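S.K.: Based on what follows, work out the 3D shape:
(one chain, ligands or ions: 1)
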Amino acid sequence: MMQTSTSRHFFEDFPPPDDLKHTIRDAEAFVKLNSVKNKNVVLITSGGTAVPMESRTVRFIDNFSTGTRGAASTEYFLAAGYAVIFLHRARSAKPFVRHFPEEKLLDLFVLKEAEGNDTSASAITVKQDESTRLARVLRSYHSASSTNSLLSIPFFSLQDYLYFLKSISDVLGQLRQKSMFLLAAAVSDFYIPSDEMPEHKMQSSEGPPEVRLSSVPKMLPVLIHRWAPEAFIISFKLETDPKLLLLKARKALDTYQHEVVVANILEERRKKVVVITADSETQLEISEEQRGSGQELEDILVQDLVAKHEAFIQSAAGR
Ligand code: PMT
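M.R.: Here you go, the predicted structure:
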């Protein structure tokens with residue numbers, strides 16, 4: 001049987017992450033610095049949330065999300081002049097470094113040994129055919145870091161994610177219409193309440209455990225109506241059944257009354273999304289050929305969202 005709780009109960013049930021105060025201070029400084037520069041700031045959430053099965057967590061329930069949507073979108077928002085808070089699942093895809101997968105990293109370089117035994121004199125260079133790509137990524141990375149336009153905050157568990165989301169929303173919401181939320185993380189709908197979670201590692205000698213999951217309260221309405229009521233908010237709707245997708249995405253928009261829902265089907269998510277607003281429905285798509293030549297769906301998605309955000313800011317200014 002499933003139980004539900006309110007967002008307040010959920011937070012009361014779990015302690016905040018150790019580094020929460022420090023993270024809030026970083027977020028405040030980042031938002032202040034970038035608002036002085038008159039920049040729009042977007043919070044991008046990315047990757048899956050881990051649901052612990054023990055308080056001293058050995059095992060956890062996880063999901064499919066790789067974090068690619070969030071990491072790629074971060075790069076395109078930076079290129080569009082936004083400052084980005086990248087709230088991401090630890091060890092999921094990250095902007096810039098995602099272009100160089102760990103297992104192939106060393107293939108980027110050539111080692112030229114010096115004459116004799118002097119290893120300190122050996123030279124390392126980047127392979128000729130990789131240097132253009134590496135230079136392009138390095139340029140964007142240096143531009144983001146030298147202008148303090150990117151703040152990266154990792155999380156692991158569902159609980160930590162929600163604490164960070166709430167605290168950052170309180171800070172970012174102060175920018176009102178100039179703040180944007182791109183909620184691309186795949187957030188668990190279920191968790192184990194603290195009083196039903198064993199402290200220590202579950203013992204296999206005791207046989208298969210009976211695990212009772214409770215529903216995670218929906219945080220989206222709380223974010224939209226309480227934490228950041230004037231921000232431009234984009235949620236995602238993921239389904240595996242195409243017949244349900246648009247109905248459920250539209251229903252989310254009608255229910256929560258925020259700005260945009262981006263609808264996607266699990267297997268097609270790299271090729272196609274539908275961007276839904278109160279009065280529009282736009283399918284964005286890239287072909288296999290475009291993907292093969294290095295283009296990404298997030299490029300056109302971010303362009304579309306930036307235009308919608310601009311219109312939102314203009315309309316608020318005209319009121
Ligand atoms: O990471 P990738 O591999 O690149 O994949 C990208 C993606 C498929 C994860 C991404 O495009 C996406 O769709 N992310 C949202 C997935 C999801 O959680 O969808 P949902 O339909 O289960 O939830 C809908 C919305 O409710 C989400 O915006 C979520 O933030 C919100 N939610 C979910 C749970 C919860 N307890 N409270 C919430 O508010």
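
S.K.: Over to the residue nearest to the spatial centre of the chain: give its phi and psi.
M.R.: Taking Cα atoms, centre = their mean, the centroid of the chain lies closest to Ser46, which sits 1.9 Å from it. Here is the backbone geometry of Ser46 (degrees, to the nearest 10): phi -150, psi 140.

S.K.: Check whether it really touches Arg69, as I assumed.
M.R.: Yes - using Cβ atoms under 8 Å, Ser46 is in contact with Arg69, at 6.9 Å. Where you see a C-beta, it was placed from the backbone N, CA and C, and this is true even at glycine.

S.K.: Distance from stretch 23-36 to the middle of the chain?
M.R.: 18 Å (Cα atoms, centre = their mean, to the nearest Å).

S.K.: Output that stretch as CSV - backbone C-alpha positions only.
M.R.: The C-alpha trace of stretch 23-36 is given here as CSV (Å, rounded to 0.1, in the frame of the first residue of the first chain):
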residue,chain,number,x,y,z
THR,A,23,25.6,25.7,-1.0
ILE,A,24,23.0,28.4,-0.1
ARG,A,25,25.8,30.9,0.4
ASP,A,26,27.4,30.0,-2.9
ALA,A,27,24.0,30.3,-4.7
GLU,A,28,23.3,33.7,-3.1
ALA,A,29,26.8,35.0,-4.1
PHE,A,30,26.3,33.6,-7.7
VAL,A,31,22.9,35.1,-8.1
LYS,A,32,24.0,38.5,-6.8
LEU,A,33,27.0,38.7,-9.0
ASN,A,34,25.1,37.8,-12.1
SER,A,35,22.1,40.0,-11.4
VAL,A,36,24.5,43.0,-11.1
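
S.K.: sorry, back to before: are there residues contacting both of Ser46 and Arg69? Which ones?
M.R.: Ala184 (Cβ atoms under 8 Å, 6 or more residues apart in numbering).

S.K.: Residues of the stretch 151-300 of the chain that sit close to the ligand?
M.R.: 183-184, 186-187, 189, 216, 218-220, 235-238, 264, 269 (Cβ under 6 Å from any ligand atom).

S.K.: Just the residues you listed: which are in helices?
M.R.: Mapping those onto helices (DSSP state H) picks out Leu220.

S.K.: of the residues of the stretch 151-300 of the chain next to the ligand, buried ones?
M.R.: For these, a neighbour count by 16 or more other Cβ atoms under 10 Å gives the buried set as 183-184, 186-187, 216, 219-220, 235-238, 264, 269.

S.K.: Any regions of the stretch 201-319 of the chain where pLDDT drops low?
M.R.: Applying pLDDT under 70 to the stretch 201-319 of the chain picks out no residues at all.

S.K.: Can you list the residue ranges for helices in it?
M.R.: Ranges of helices in the stretch 201-319 of the chain, per DSSP state H, counting those that start in this stretch, are 220-222, 242-256, 288-292, 297-318.

S.K.: quick one, phi psi at Glu259?
M.R.: Dihedral angles (degrees, to the nearest 10) for Glu259: phi -90, psi -50.

S.K.: Show the contacting residues for it.
M.R.: Phe232, Ile233, Ile234, Thr277, Lys308, Phe312.

S.K.: just the CA coordinates of the helix or strand harbouring Tyr163, formatted as CSV?
M.R.: If you go by DSSP states H and E, Tyr163 is part of helix 158-172. Extracted C-alpha coordinates of helix 158-172, given in CSV (Å, rounded to 0.1, in the frame of the first residue of the first chain):
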residue,chain,number,x,y,z
LEU,A,158,16.2,12.2,-3.6
GLN,A,159,16.2,13.9,-0.2
ASP,A,160,19.3,16.0,-0.9
TYR,A,161,18.0,17.0,-4.3
LEU,A,162,14.8,18.3,-2.9
TYR,A,163,16.5,20.2,-0.1
PHE,A,164,18.8,21.9,-2.7
LEU,A,165,15.9,22.6,-5.0
LYS,A,166,13.9,24.3,-2.3
SER,A,167,16.9,26.4,-1.0
ILE,A,168,18.1,27.5,-4.5
SER,A,169,14.5,28.3,-5.5
ASP,A,170,14.2,30.7,-2.5
VAL,A,171,17.3,32.5,-3.7
LEU,A,172,16.8,32.4,-7.4
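
S.K.: quick one: that helix to chain centroid distance?
M.R.: 12 Å.

S.K.: counting contacts, what elements does that helix pack onto?
M.R.: Under the contact definition 3 or more Cβ pairs under 8 Å, 6 or more residues apart in numbering; DSSP states H and E, helix 158-172 sits against helix 7-13, helix 20-36, strand 41-46, strand 51-52, strand 83-89, strand 150-155, strand 179-183.
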